[in-house]
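Engineer: Predicted coordinates and the sequence they were generated for:
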Amino acid sequence: MFIVITFMKEIPLLKKRISALSRDDSSAFNSLALEVFHLQYTYNDIYRIYCDLFKVHTAAIFRAEDIPFLPISFFKNFEIKSGSWDASEVFRSSGTTGMERSQHFVKCIDWYYEICLKGFLEFYGNPSDYNIIGLLPSYSERPDSSLISMVNMLQSKNPDDTESFFLEDYAALNKTIKNVKLNGRKLLIIGVTFALLDWAEKLPMQLKSTILLETGGMKGRKEELVRSEVHRQLKVAFQLDNIHSEYGMTELFSQAYSIGNGFFYPTSTMRVYPRQITDPLTSGKISEQAAINVIDLGNIDTCSFIATDDVGRIYPDGGFEILGRLDQSDIRGCNLMFAGG
């Protein structure tokens with residue numbers, strides 16, 4: 001009983017400190033990451049068993065990059081939780097026919113919204129200043145999608161928003177965009193890649209002064225393209241200088257954003273680290289091709305230390321690019337696309 005009470009007291013205090021993080025405070029991030037590691041090692045049975053299998057000496061870990069990272073595939077086979085609690089919601093990856101879907105159990109949806117909003121504010125400012133349109137399935141169609149839940153939350157910050165989700169009705173989408181522009185509102189369109197390319201092919205329009213944010217996601221719907229080619233086509237079709245991108249996934253609460261050229265920067269609650277492709281327990285080198293590890297402090301209720309199946313390069317300033325996926329990894333989201341600008 002004492003252990004449970006201690007855990008329940010620690011989490012709210014840590015969440016307050018996580019909420020107060022700034023993007024440039026690496027020292028505070030590293031300190032919090034180490035505290036969260038020891039907490040999750042103690043209270044997350046799956047994570048502790050994984051660490052113990054590799055004889056991890058927790059007392060000898062003093063740097064965030066040395067923390068053990070849980071393979072992302074564990075989210076398909078286990079309920080990843082720190083502590084014992086009932087999930088208020090469960091996020092699930094979209095997957096394809098016959099594919100086993102990842103599940104991320106959500107203790108408190110408001111905490112997820114707080115993390116998403118914090119990251120959006122850091123890159124784009126107050127969502128109430130925008131009309132935000134999703135070229136995505138609607139929330140009613142995919143209530144278990146973390147991305148759609150995030151977009152729905154951001155849209156709710158603007159009470160003037162009209163119809164905000166589209167998928168294949170490009171004529172209605174274009175009409176809504178024209179109305180927003182007539183009203184002089186700032187416009188942000190967030191969409192999956194295959195839908196954006198389909199829109200660009202069938203009914204392109206001028207989108208100057210609009211933020212177009214692609215989230216990845218071809219799902220076998222179109223020929224795979226490098227990110228630079230995707231962005232080139234979208235720039236031409238919509239007369240834009242830059243295409244923005246979002247890096248996120250079912251297993252993470254935090255996101256990274258790119259304002260152009262495919263170089264992502266994490267929000268304040270997230271950091272990325274390289275690991276060797278052939279040795280998952282050994283760190284990789286900065287600026288060299290490596291597999292991507294993610295620390296997401298937003299995942300304090302589940303597991304904050306995730307070894308993804310993405311391959312990329314991480315640069316000295318903390319930015320990164322995605323080059324592809326490890327062999328035999330499941331096809332998902334932006335991880336389909338390879339390097340580019």
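Structural biologist: Structure's in. What do you need?

Engineer: what about Ile109, distance to Asp301?
Structural biologist: As defined by CB to CB, to the nearest Å, Ile109 lies at a distance of 11 Å from Asp301. C-betas here are computed from N, CA, C, even on glycine.

Engineer: higher neighbour count, the two?
Structural biologist: Asp301 (24 against 14; other CB atoms under 10 Å).

Engineer: what about the residue nearest to Phe78 when sequence neighbours are not counted, neighbour count?
Structural biologist: With CB to CB, 6 or more residues apart in numbering as the criterion, Phe78 has its nearest non-adjacent residue at 5.0 Å, and that residue is Ile46. A total of 19 residues lie near Ile46 under the criterion other CB under 10 Å.

Engineer: Kindly report the same for the one 10 residues further on.
Structural biologist: Val56 has 18 neighbours, counted by other CB under 10 Å.

Engineer: Just to check, Ser268 is in contact with Glu122?
Structural biologist: Yes. Here Ser268 lies in contact with Glu122, judged by CB atoms under 8 Å, at a distance of 6.2 Å.

Engineer: The two: who's more crowded?
Structural biologist: Applying other CB under 10 Å to Ser268 and Glu122 shows that Ser268 carries more neighbours, namely 23 against 17.

Engineer: how close does the more buried one get to Phe120?
Structural biologist: Looking at Ser268 against Phe120, where the rule is CB to CB, the gap reads 12 Å.

Engineer: just Lys181 next, same as before
Structural biologist: When distance is defined by CB to CB, Lys181 is 22 Å away from Phe120.

Engineer: list the contacts for the closest residue in space to Phe165 that isn't next to it in sequence?
Structural biologist: In this structure, Phe165 finds its nearest non-sequential neighbour in Ser138, 4.1 Å apart by CB to CB, 6+ apart. By CB atoms under 8 Å, 6 or more residues apart in numbering, the residues touching Ser138 are Ile148, Phe165, Leu167.

Engineer: The residue nearest to Glu251 when sequence neighbours are not counted: neighbouring residues, count only.
Structural biologist: Using CB to CB, 6+ apart and skipping the chain neighbours, the partner closest in space to Glu251 is Phe75 (4.9 Å). Residue crowding around Phe75 was assessed by other CB under 10 Å; the count is 25.

Engineer: and the one helix or strand Phe75 maps to, what other elements does it pack with?
Structural biologist: Per DSSP states H and E, Phe75 falls inside helix 74-77. If you count contacts as 3 or more CB pairs under 8 Å, 6 or more residues apart in numbering; DSSP states H and E, helix 74-77 packs onto strand 103-106.

Engineer: next one: the strand it packs on to chain centre, how far?
Structural biologist: Average the C-alpha atoms of strand 103-106, do the same for its chain, and the two points are 14 Å apart (CA atoms, centre = their mean, to the nearest Å).

Engineer: in its sheet, what does that strand sit against?
Structural biologist: Within its sheet, strand 103-106 is paired with strand 89-92 (antiparallel), according to DSSP bridges.
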